[in-house]
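Enquirer: Below are the sequence and a predicted model for it; my questions follow.
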Amino acid sequence: MMASGLRKFALTTHITSSIGWIGAVAAFLAFAIAGMTSPDAQLVRAAYLAMEMTTWFVIVPLAFVSLLSGIVSSLGTNWGLFRHYWVLLKLLITILATIVLLIHTQPIDLLAAAAATHTIAFKVDLQSRQLMMVYASSAALLALLVATALSVYKPRGVTPYGWRKQHE
Amino acid sequence: MAGLTSNPNSKRDTGDDNDGSPARGPSTPRWVKAFGIAALIVVALFVIMHLTGHGFGQHVRMSAVEHGAERQ
């Protein structure tokens, strides 16, 4: 078990990074919608450049800090990482969201690179991808909100591993 | 994970679905099963969208207008 001070530090880090991650994804979604719908080419360029900056300097670091601090927090308390379904599901959501985020950094980089050198007018062949950017960030936002709700409501349910640990 | 503040050993948080026999342990709560089904659907949709070319894992092509002159 962690000392009280260390536990509170890990928990503060985890809450701050997780909520910051949600805010950054919400900002990303706003940029994605602006990039898809705005008729202003300068605004579209700015949106895709901002999306890249936000991704690499805010979203990706916060995702890893949230994941690591969550693991430390759970392992350092009686909750454990695999004992309660809500903790386990939060872990899976965080890992999945981080993997999906990393997969989608490549097209974000490509869009930003083009935006840095050209005044972009997106044509029909890109519209599905622009739409996908909106869908992906919306899905990420929903997943992170579900993870937050899980930590607030803490729905009941112990895993078979947690049950064995309780009865040891 | 976030919000690990209350005591997991309290009656409220220890998983009161512990209705299984001592040998078998608790059954999986209904909300976990529903959650799993929803997650499977979302993952399947994600994979299908990528396989059918609507994802953005593919090569991104773009048309650009540079300095006001259209370039394909």
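Expert: On my side now, so go ahead.

Enquirer: CA atoms for contacts and neighbours, from now on please.
Expert: Fine.

Enquirer: Identify each buried residue in the particular helix or strand that has B:Ala34 in it, please.
Expert: For B:Ala34, the host element (DSSP states H and E) is helix B:30-51. Of all the residues in helix B:30-51, those buried under the rule 16 or more other Cα atoms under 10 Å in any protein chain shown are B:Val32.

Enquirer: List the residue ranges of chain A that fall below the pLDDT cut-off.
Expert: A:118-129 (pLDDT under 70).

Enquirer: Which elements pack onto the lengthiest helix in chain A?
Expert: Determined from DSSP state H, the single longest helix within chain A is helix A:4-37. Counting contacts by 3 or more Cα pairs under 8 Å, 6 or more residues apart in numbering or on different chains; DSSP states H and E, helix A:4-37 packs against helix A:41-54, helix A:60-75, helix A:124-153.

Enquirer: and it, which residues are buried?
Expert: Buried-residue list, helix A:4-37, by 16+ other Cα under 10 Å: A:7, A:10-15, A:17-22, A:24-36.

Enquirer: Relative to the whole chain's centre, how far out is that helix?
Expert: Centroid separation for helix A:4-37 versus its chain: 7 Å, with Cα atoms, centre = their mean, to the nearest Å.

Enquirer: quick check: angle from it to helix A:124-153?
Expert: 150 degrees (axes from the mean of the first three to the mean of the last three Cα atoms, to 10 degrees).

Enquirer: now helix A:4-37 against helix A:60-75, angle please.
Expert: Using the same axes, to 10 degrees: helix A:4-37 against helix A:60-75 is 150 degrees.

Enquirer: Tell me what angle helix A:4-37 forms with helix A:41-54.
Expert: Using the same axes, to 10 degrees: helix A:4-37 against helix A:41-54 is 160 degrees.

Enquirer: Appreciated, that's everything.
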